[in-house]
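# Here is my input, please return the structure:
(2 chains)
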2 protein chains.
Amino acid sequence: MPAYAHRMDGITGSAIRELFKLLAKGDIISFGGGNPSASSFPVEDVRRITDDLLATKAEQLLQYGATEGYAPLRAAISEHMLKPKGVVADESCILPTTGSIQGMDLICRIFIDRGDRVLVEAPTFLGVLQTLNIAGAELVSVPSDDEGVVTDELEELIKKHRPKLFYCIPTFQNPSGKTLGLERRKAIARLATKYDMIVAEDDPYCDLRYRGEALPPIKSFDESGHVILLNSFSKIISPGIRVGSAYSTPEIIRKMTIAKQGVDTHTPNLTQAIAAEFLNRGLLPVQLKRICPEYGARLDAMLNAMDAYFPEECSFTRPEGGLFVWGECKGLDMLKLVSRATEEKKIAYIPGVHFYSHPEGREGTFRLNFSGTAFENIDTGIRKMGELMKEALAEK
Amino acid sequence: MPAYAHRMDGITGSAIRELFKLLAKGDIISFGGGNPSASSFPVEDVRRITDDLLATKAEQLLQYGATEGYAPLRAAISEHMLKPKGVVADESCILPTTGSIQGMDLICRIFIDRGDRVLVEAPTFLGVLQTLNIAGAELVSVPSDDEGVVTDELEELIKKHRPKLFYCIPTFQNPSGKTLGLERRKAIARLATKYDMIVAEDDPYCDLRYRGEALPPIKSFDESGHVILLNSFSKIISPGIRVGSAYSTPEIIRKMTIAKQGVDTHTPNLTQAIAAEFLNRGLLPVQLKRICPEYGARLDAMLNAMDAYFPEECSFTRPEGGLFVWGECKGLDMLKLVSRATEEKKIAYIPGVHFYSHPEGREGTFRLNFSGTAFENIDTGIRKMGELMKEALAEK
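So this is what the prediction gives:
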């Protein structure tokens, strides 16, 4: 066989997606994955919407569409997703994407040459780490505290590395669950302008807030067009429909659109139209009112169980929303413990090392998802995970 | 703004997709585009299938799926699309893609480094030219005669350039309408093995045959695993659902799957499931029996009108299927004539130069699509195009 391209060197596939396949088999209480709850899906709404669409617009939806996206979806995103967050977006500056990961892939395609520096949070979403690695980016990790990325350190790293791009998840971050404070959001927008750096603001969890006050996106403070805001329907309607969006300047959106032509021509019309109708029928607020209390209860159950069962060597975040709690147990190697967790304790989590571009010293970290696990299993699963960590600590 | 990546240098976007937007406006008889006829879409079948799917499998379809694809679709492609063509495919070697263009994009990602040589037919599908250009491939054109690519010349070019990849559309080629002969198909499979070269066999039109005998794909003669067969539902069910597939060895499919993780995670479950159900309910043969006579009549109408109205300086292909007729009018620049065609004659075609990696000397070529134009408009439109060419020739 001919040699593979260099961009594939060392790329081994997503650890999470491998774990998914493992978990499909057994009777395991899984805090792995990042799946929304099956009960969260607005099945009847989607069914009614889809049938209405195919009854009235089938010929349009089954035909080729514009790479720029399904026009009613662009308008609906502007009106129902961005405007309520203080972002006034011309719909021509919104590009529907095949999941928000495609937004990141298109950003990499248009901006990143092999060897370009890119700043990422430490830890950050492992799917995007893979996208960035395939793009050939040189990754530099930015440290965080309880309020997210430390912007003073961010500025030092920008000065030192002159990155083209900073990728961040400002709200209920994946994997840490942390939320970037208001002043830091403003500071990041300023730094992007000052140092001519693109910020890819990936905000799929922002609507999943169970307590506390909503914060405006970094994009709302962007005066120079350096911030690209990525949104997703995966966590609020369905990940299976694979619809997200990018919002930026006309020039950047145009460039991303050209790149998308050669990638998938356009996002499927039917799934775009389902998302548009869902927004236009006013169903998003209804959906959020239904799922947020459910998810909030699971989060509380998880945090309470962690307080009760986890060893004192273990620290963890207390998110106000999203899908994840992040923890660290000093002295343990949570990657090594994964097989024992699934085999002996019948539980699963994601070892934190997967979320770092430079995982050295992060062996004790782990990510727990609470949305994909039935409420009544959370206490049991966390208790077993606590036992596992206590046993492993005792064996040292 | 930071500099764009070098891969975007000189990439200006698809000429066809720009033309689409133009045509959306006027009362133009268009032979541009490559759209299936709106009347070809199996609207009621898709509606019924979709409702059945959402009534019975909504929670699965709305959830994240495996990057490897929706299992029933992989099985259905093996059984209903490949087996009838003499290709015995283990379903684990089939990767559903978001349109078959994604298959080409993934092939480029895993195989093509900047500067790698890639052979393409001259002319070839312009969407893939863009994908290959963004991948940084150095393109080398392979000449064709009436039976498609000339395999002796292909071998000489392989020896000279040592390409990693040869991209070809063997059946009712886009844009030429030509079909690669049986012996040449076998020869290409042999050459791929002999010179350790990947063949990307893009075969979206093979089921749209209106006369003559079906030919097996190059893949059916592949003994060394060098051929990757791309199929698509765009021309036989719907392009709007964006579902295609790649079939190759376990190793190559695994690599493409890993690359796909960071691109769109997976193709939407719902559109994959629609395609799977369509096949499993035995609807593809029914659909082909309905649309092939319709398209065949349009093709005949076009060829008859071309015989009647086109100047003698104009030669053209006589395809046995597909969506396109290819022509050349010596002495004219069909790119320059496009605006006059749309403004004065109210007709549209695609200038052939867009389909060449090296368009010099190809100014007289053009592509005509007959599937997207109502039968009753074909004669009128071709007559006007004949007038245009005759007038332009007289003015010289």
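# Give the burial count for the residue nearest to A:Glu59 when sequence neighbours are not counted, as a bare number.
Distances taken as C-beta to C-beta, 6 or more residues apart in numbering or on different chains place B:Ala38 nearest to A:Glu59, at 4.4 Å, with adjacent residues excluded. C-betas here are computed from N, CA, C, even on glycine. Using other C-beta atoms under 10 Å in any protein chain shown, B:Ala38 has 14 other residues around it.
# Hmm, B:Ala38 is touching A:Lys57, no?
No: between B:Ala38 and A:Lys57 no contact is recorded; they are 11.5 Å apart, counting by C-beta atoms under 8 Å.
# Tell me where the longest helix sits in chain A.
Criterion DSSP state H: the longest helix present in chain A is helix A:283-309.
# List the contacts of the residue nearest to A:Gln60 when sequence neighbours are not counted.
Of all residues not flanking A:Gln60 in the chain, A:Asn269 sits nearest, at 7.2 Å (C-beta to C-beta, 6+ apart). Neighbour list for A:Asn269: A:60-63, A:65, A:70, B:240-241 [criterion: C-beta atoms under 8 Å, 6 or more residues apart in numbering or on different chains].
# how close does A:Asn269 get to A:Leu61?
As judged by C-beta to C-beta, to the nearest Å, A:Asn269 and A:Leu61 stand 4 Å apart.
# list the residues that contact both of these two?
B:Gly240.
# For the stretch 251-396 of chain A, what lies in contact range of chain B?
Within the stretch 251-396 of chain A, the positions near chain B by C-beta under 8 Å from any C-beta of the partner chain are A:251-252, A:255, A:257-259, A:261-271.
# could you redo the last one with a cut-off of 10 Å?
Contact residues (C-beta under 10 Å from any C-beta of the partner chain) of the stretch 251-396 of chain A with chain B: A:251-252, A:254-255, A:257-259, A:261-274, A:372.
# Quick one: buried ones out of those?
A:252, A:254-255, A:257-259, A:261-274, A:372 (16 or more other C-beta atoms under 10 Å in any protein chain shown).
# Which of these fall in strands?
Counting by DSSP state E, those place none of their members in strands.
# mind listing the helices for the stretch 251-396 of chain A?
A:269-280, A:283-309, A:338-340, A:375-394 (DSSP state H, counting those that start in this stretch).
# Please apply the same query to the stretch 101-250 of chain A.
Going by DSSP H, counting those that start in this stretch, the stretch 101-250 of chain A shows helices at A:126-134, A:151-161, A:182-194, A:250-261.
# Please render the ones you listed as a markdown table that adds distance to B:Ala5 to the earlier fields.
As requested, the helices of the stretch 101-250 of chain A are exported to a markdown table (distance: least, C-beta to C-beta, whole Å):
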| stretch | distance to B:Ala5 |
| --- | --- |
| helix A:126-134 | 13 |
| helix A:151-161 | 18 |
| helix A:182-194 | 18 |
| helix A:250-261 | 9 |
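# Could you list the low-confidence segments of chain A?
Across chain A, the ranges flagged by pLDDT under 70 are A:15-26.
# Let's see that with 80 instead.
Along chain A, the parts satisfying pLDDT under 80 run over A:13-26.
# quick revisit: so which of the helices of the stretch 101-250 of chain A is the most packed in?
Among the helices of the stretch 101-250 of chain A, helix A:126-134 has the highest mean neighbour count (mean count of other C-beta atoms under 10 Å in any protein chain shown), at a mean of 23.
# That one - contacts with which helices or strands?
Other elements packing on helix A:126-134 under the criterion 3 or more C-beta pairs under 10 Å, 6 or more residues apart in numbering or on different chains; DSSP states H and E are helix A:15-23, helix A:100-111, strand A:117-121, strand A:138-142, strand A:165-168, strand A:198-202, helix B:250-264.
# want to throw these into JSON lines with distance to A:Glu223?
Output for these, formatted as JSON lines (distance: least, C-beta to C-beta, whole Å):
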{"stretch": "helix A:15-23", "distance to A:Glu223": "37"}
{"stretch": "helix A:100-111", "distance to A:Glu223": "20"}
{"stretch": "strand A:117-121", "distance to A:Glu223": "20"}
{"stretch": "strand A:138-142", "distance to A:Glu223": "22"}
{"stretch": "strand A:165-168", "distance to A:Glu223": "17"}
{"stretch": "strand A:198-202", "distance to A:Glu223": "13"}
{"stretch": "helix B:250-264", "distance to A:Glu223": "31"}
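# what's the distance between stretch A:227-236 and the middle of its chain?
Relative to its chain's centre, stretch A:227-236 lies at 8 Å (C-alpha atoms, centre = their mean, to the nearest Å).
# same check, this time on stretch A:287-294
On C-alpha atoms, centre = their mean, the centre of stretch A:287-294 falls 19 Å from the chain's centre.
# Now stretch A:29-39: buried residues?
Per 16+ other C-beta under 10 Å, stretch A:29-39 contains these buried residues: A:29-37.
# Figure out the length between the terminal residues of that stretch.
Stretch A:29-39 has its terminal residues 17 Å apart, counting by C-alpha to C-alpha, to the nearest Å.
# any idea how far it is from the chain center?
Here stretch A:29-39 is found 14 Å from its chain centre; the criterion is C-alpha atoms, centre = their mean.
# again with stretch A:31-42
14 Å.
# now do the same end-to-end measure for it.
Stretch A:31-42 has an end-to-end distance of 23 Å (C-alpha to C-alpha).
# Stretch A:156-172 too?
Per C-alpha to C-alpha, the first residue of stretch A:156-172 is 25 Å away from its last.
# what's the answer for stretch A:346-355, then?
End-to-end for stretch A:346-355, by C-alpha to C-alpha: 23 Å.
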